[in-house]
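Trainee: here you go, sequence then predicted model.
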Amino acid sequence: MRWKRAATRALLVFSLLLAGSAGARAGEPLGDPDGRGPITLVTGGDLTGYLRGVLDGWNVHHPREKVTLVELPDAADEVRAQLVTELRSHSARFDVLNIDVAWTSEFAAAGWIRPVDGARFPLKRFLPPVVDTATFRGRLYAVPYVTNAGLLYYRKDILDRVGARPPRTWAELAQLAKTVAPKYGLDGYAGQFLPYEGLTANVVEAVQSAGGSVLAGEGTRVTVDSPAARRGLSFLLDGVREGWIPQRALAYKEEESRKSFQDGHLLFLRNWPYAYALAGGPTSKVAGKFGAVPLPGPDGPGASALGGSNLAVNAHSRHPETAAALISYLTSEPVQRRVLTEGALPPVWADLYADPQLVRRFPYLPTLKRAVLTARPRLKSPRYDQVSLAVQAVMHDALVHRLSTDATVARLERELRAIVSRG
C-alpha cells in the first residue's frame with residue numbers, strides 16, 4: 001500500500017504542475033498573490049553599460065524583489081523578433097519590456113502587454129508628446145522611459161565662410177546643398193535611407209513636416225495620398241534626382257551617416273542626438289566645426305519622428321506589482337538624470353532640459369527639447385511591423401530608381417491599404 005500512496009502523491013503533484021502550466025498558458029500569471037517577487041527586465045543592448053548600475057540600486061533596497069537584466073542584440077529588428085517569439089507563446093520569462101515607442105500599439109493590440117495605471121507615474125513631469133507614444137485606443141499601456149528626436153547637423157565653419165545661417169526650410173537646405181557643398185568637396189545632405197527602421201523615420205518626418213500623415217485613426221486609415229504627404233515625399237525623391245542627396249546615402253544607417261559627417265564628407269546630416277558627442281570627440285575631423293538645429297520643413301521648422309523607448313509589463317508576468325514598481329523607479333527624476341549622464345540617452349523629464357549643469361555638459365539639450373515638443377509618433381498601428389516594412393520597401397525602391405512622386409504614392413497607398421484591410 002505504501003507504494004500506492006507514493007504513486008498517488010506523485011500523480012497529484014504531477015497534476016498540479018500540469019494545471020499550473022496550463023494556467024500560465026491560459027494567461028493566469030503564477031506567483032505570489034500580491035503580485036510581488038523577483039522579476040526580469042529585457043532590453044536591447046545597453047551600449048554604455050549604465051543600466052546594470054541603476055538596477056543595482058534597486059536590488060540593494062528590494063532583496064526579495066530583485067531584478068535580473070537580460071540584454072538582447074543591439075538591432076531593433078532582432079530585439080522585436082525575439083520578444084514576439086516569447087510573447088506569442090504566453091511566456092512569463094520577461095516581466096518588464098523595454099520596447100521601441102513604435103511597438104506599443106502593436107503589442108497592446110495583440111494583448112501582450114497589460115494596461116498600466118497612469119496615476120502611479122509622474123506623467124505630468126514628462127515632455128507631453130512622449131506620453132502619446134505609450135497609449136493605444138485611449139488607454140495607457142506603457143510608461144515613457146527615454147525619448148529621441150531627429151536633429152539637423154551642419155558644418156558651421158562652412159556656413160560661416162559663405163555668410164549663411166543654418167537652414168530653416170527645405171528650399172534653403174537644398175540650395176546650400178546644391179551650391180555650397182560642391183565648392184568644398186562635400187556631399188550635400190544625408191539621412192538614413194537603407195531599407196530598415198531608420199528609413200521609416202526619415203520618410204515619416206518628411207511627410208509630417210509638410211503637414212501630412214501616412215496613417216490616421218490608430219492605423220485604420222491610409223492617408224498618404226494627400227497634397228501635404230506628396231510634398232513631403234517629393235523632398236526626398238527630388239533630393240536624390242537632383243543629386244544633393246548622394247547615391248551613397250541610400251546605403252546609410254545611423255552609424256554610416258554619422259561617420260560620413262564626422263569624417264568631413266557631408267555639409268548636412270539628419271541624425272539622432274547621440275551623434276553630437278561623437279562628432280565632437282577627439283577623433284572627429286569636425287570637432288568644434290559643427291552645430292545642430294531642429295529639422296527644417298517646407299516653410300519653417302519641421303516635425304521629427306519621435307524615437308525612444310517605453311517600459312511595459314508583460315501580460316503574463318508572475319509579479320506585475322513589482323514590475324510596475326520597477327518602472328516607477330526607472331522613470332523617477334534621479335534615475336532619469338542618470339539615463340542622460342551615464343547612458344547618454346535623452347530623458348523624458350522636461351525639467352532636466354533646462355538644468356544649467358546638464359546644459360553646460362550637453363549643449364544640444366535646448367535644441368533637442370524644441371525638437372521633441374514638435375515631434376510626432378512615427379506611426380501608430382496594430383500592424384506596425386508590416387506597415388514599416390512596406391514603407392521601407394516602396395521608398396527605397398523609389399529612391400534607387402528615381403521614381404516619380406505619383407508612382408511612389410500610388411504603390412505606397414496600394415500596399416498600405418492591403419495591410420490595413422487585413423486588420
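Mentor: Sure thing, it's come through.
Trainee: in its sheet, which strands sit next to the longest strand anywhere in the chain, and in what direction?
Mentor: Scanning the chain for the strand with the most residues, using DSSP state E, yields strand 305-313. Within its sheet, strand 305-313 is paired with strand 96-100 (antiparallel), strand 143-148 (antiparallel), strand 376-377 (parallel), according to DSSP bridges.
Trainee: tell me what the helix or strand that that strand is followed by is packed against?
Mentor: With elements assigned by DSSP states H and E, the helix or strand that comes after strand 305-313 is helix 320-330. The contact analysis (3 or more Cβ pairs under 8 Å, 6 or more residues apart in numbering; DSSP states H and E) places helix 320-330 against strand 39-43, helix 50-61, strand 96-100, strand 305-313. Heads up, the C-betas are built off the backbone N, CA and C, glycines and all.
Trainee: try 7 Å this time
Mentor: strand 39-43, strand 96-100, strand 305-313 (3 or more Cβ pairs under 7 Å, 6 or more residues apart in numbering; DSSP states H and E).
Trainee: of these, which is nearest R125?
Mentor: strand 305-313 (15.6 Å; Cβ to Cβ).
Trainee: so what pLDDT did the closest residue to L83 other than its chain neighbours get?
Mentor: In space, and not counting its chain neighbours, L83 is closest to L97: 6.5 Å by Cβ to Cβ, 6 or more residues apart in numbering. L97 is assigned a pLDDT of 98 by the prediction.
Trainee: any idea where the helices of the stretch 201-350 of the chain begin and end?
Mentor: 227-242, 254-262, 274-279, 320-330, 333-341 (DSSP state H, counting those that start in this stretch).
Trainee: quick one: those helices as CSV, columns for mean neighbour count and mean pLDDT too.
Mentor: Shown next, in CSV, are the helices of the stretch 201-350 of the chain (neighbours: other Cβ atoms under 10 Å; pLDDT from 0 to 100):
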stretch, mean neighbour count, mean pLDDT
helix 227-242, 20, 98
helix 254-262, 20, 97
helix 274-279, 19, 92
helix 320-330, 22, 98
helix 333-341, 18, 97
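Trainee: save the helices and strands packed on helix 320-330 as TSV, and put in distance to D187 too.
Mentor: Converted to TSV, the helices and strands packed on helix 320-330 look like this (distance: least, Cβ to Cβ, whole Å):
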stretch	distance to D187
strand 39-43	35
strand 96-100	29
strand 305-313	23
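Trainee: now render the ones you listed as JSON lines, adding mean neighbour count.
Mentor: Formatted as JSON lines, these follow (neighbours: other Cβ atoms under 10 Å):
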{"stretch": "strand 39-43", "mean neighbour count": "22"}
{"stretch": "strand 96-100", "mean neighbour count": "25"}
{"stretch": "strand 305-313", "mean neighbour count": "26"}
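Trainee: nearest to R168, of these?
Mentor: Using Cβ to Cβ, the helices and strands packed on helix 320-330 put strand 305-313 closest to R168, at 18.9 Å.
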